[in-house]
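Asks: Fold the stuff below for me.
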Amino acid sequence: MLAAVVVTVAGLIALLSFKTHTNGSERSVAAPASVPPLLAGEHALTGAAVATVYGPVQVRVVERSRTIVAVNILRHPAETTMDIQIGQFAFPRLVGETLAAQSARIDSVSGATYTSHGYIASLQSALDKQG
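Replies: Numbers count the residues shown, from 1 in each chain. Below you'll find the predicted structure:
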């Protein structure tokens, strides 16, 4: 009986001390220190900042002769260490797939579903500006 009470109290303490993500208006968002300058013949298309449950994701697509040559991550969730680790894992894969596909028709990264969906939606909104 005493063991059950101790385990219950310990569980409640752990549950009450658990920090969840905050609402969208209070989220930390990382931005790159600097966005590389455009080279001759390149132009940039900035996508919408897409809200995800962990914070906004926004990309900038760089094109040369209607070919995607780079994707810069302008905003991404950075409230927790896990947010940052997910971004470090997912964004290089998403950018690589974008460069290979030359479109927003790419797969999500497993384990980074929300971030992937935000990236893909921002990417598509940038590409929609091509005209």
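Asks: Quick check: Ile106 touching Thr98?
Replies: Yes. Using CB atoms under 8 Å, Ile106 is in contact with Thr98, at 5.9 Å. Bear in mind the C-beta positions are built from the backbone N, C-alpha and C, glycine included.
Asks: The lengthiest strand in the chain: partners in the sheet, and parallel or antiparallel?
Replies: When the chain is parsed with DSSP state E, its longest strand is strand 67-77. Each strand that pairs with strand 67-77, with its direction, by DSSP bridges: strand 29-30 (antiparallel), strand 58-64 (antiparallel).
Asks: Let me have these in TSV, extended by mean pLDDT, distance to Leu38 and mean neighbour count.
Replies: Output for those, formatted as TSV (pLDDT from 0 to 100; distance: least, CB to CB, whole Å; neighbours: other CB atoms under 10 Å):
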stretch	mean pLDDT	distance to Leu38	mean neighbour count
strand 29-30	64	22	17
strand 58-64	97	7	21
